[in-house]
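Student: Give me the fold of what follows.
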Amino acid sequence: MKYTEKQLKEQFRMFDKDNDGFIEREEMIDIVQELSLGAYYPRHVINQLFREADVDGDGKISFSEFVMAVS
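Tutor: Numbering: from 1, shown residues only. As a prediction, the model looks like this:
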């Protein structure tokens with residue numbers, strides 16, 4: 001599925017709970033749990049997805065990394 005830039009920004013903001021411009025691992029875990037997806041995505045799976053999306057390995061996902069991960 002192809003997302004518009006507006007949709008991508010809205011999705012990114014949903015994960016970026018502290019509005020610092022990055023998605024930290026705990027923010028990703030929190031939103032998955034809030035959406036009741038925890039049963040489908042155990043913590044080790046979320047951690048793996050996070051590592052794959054965190055291309056530069058700095059421990060957080062930037063908007064550009066997020067776009068690459070969902071595209």
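Student: From here on, just use CA atoms for contacts and neighbour counts.
Tutor: OK.
Student: State the distance from the closest residue to Tyr41 other than its chain neighbours to Arg43.
Tutor: Of all residues not flanking Tyr41 in the chain, Val32 sits nearest, at 7.8 Å (C-alpha to C-alpha, 6 or more residues apart in numbering). Note on Val32: its distance to Arg43, by C-alpha to C-alpha, to the nearest Å, is 9 Å.
Student: which of those two has more neighbours?
Tutor: When Val32 is set against Arg43 and neighbours are counted by other C-alpha atoms under 10 Å, the residue ahead is Val32, at 19 against 14.
Student: did I read that right, the more buried one in a helix?
Tutor: Yes - using DSSP: H, G, I helix; E, B strand; the rest coil, the assignment for Val32 is a helix.
Student: show me the contacts for Ala69.
Tutor: Counting by C-alpha atoms under 8 Å, 6 or more residues apart in numbering, Ala69 touches 52-53.
Student: Same check on Met28?
Tutor: By C-alpha under 8 Å, 6+ apart, the contact list for Met28 reads 15, 46, 50.
Student: cool, and Ile61?
Tutor: Counting by C-alpha under 8 Å, 6+ apart, Ile61 makes contact with 22-24, 50, 53-55.
Student: so can I have TSV of the residues you listed showing secondary structure, pLDDT and distance to Ile61?
Tutor: Below are these laid out as TSV (DSSP: H, G, I helix; E, B strand; the rest coil; pLDDT from 0 to 100; distance: C-alpha to C-alpha, whole Å):
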residue	secondary structure	pLDDT	distance to Ile61
Phe22	coil	99	5
Ile23	strand	98	5
Glu24	strand	98	6
Phe50	helix	96	8
Ala53	helix	97	7
Asp54	coil	98	5
Val55	coil	98	8
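Student: out of those residues, who's nearest Phe66?
Tutor: Nearest to Phe66 among the contacts of Ile61: Ala53, at 6.6 Å, using C-alpha to C-alpha.
Student: Thanks a lot, catch you later.
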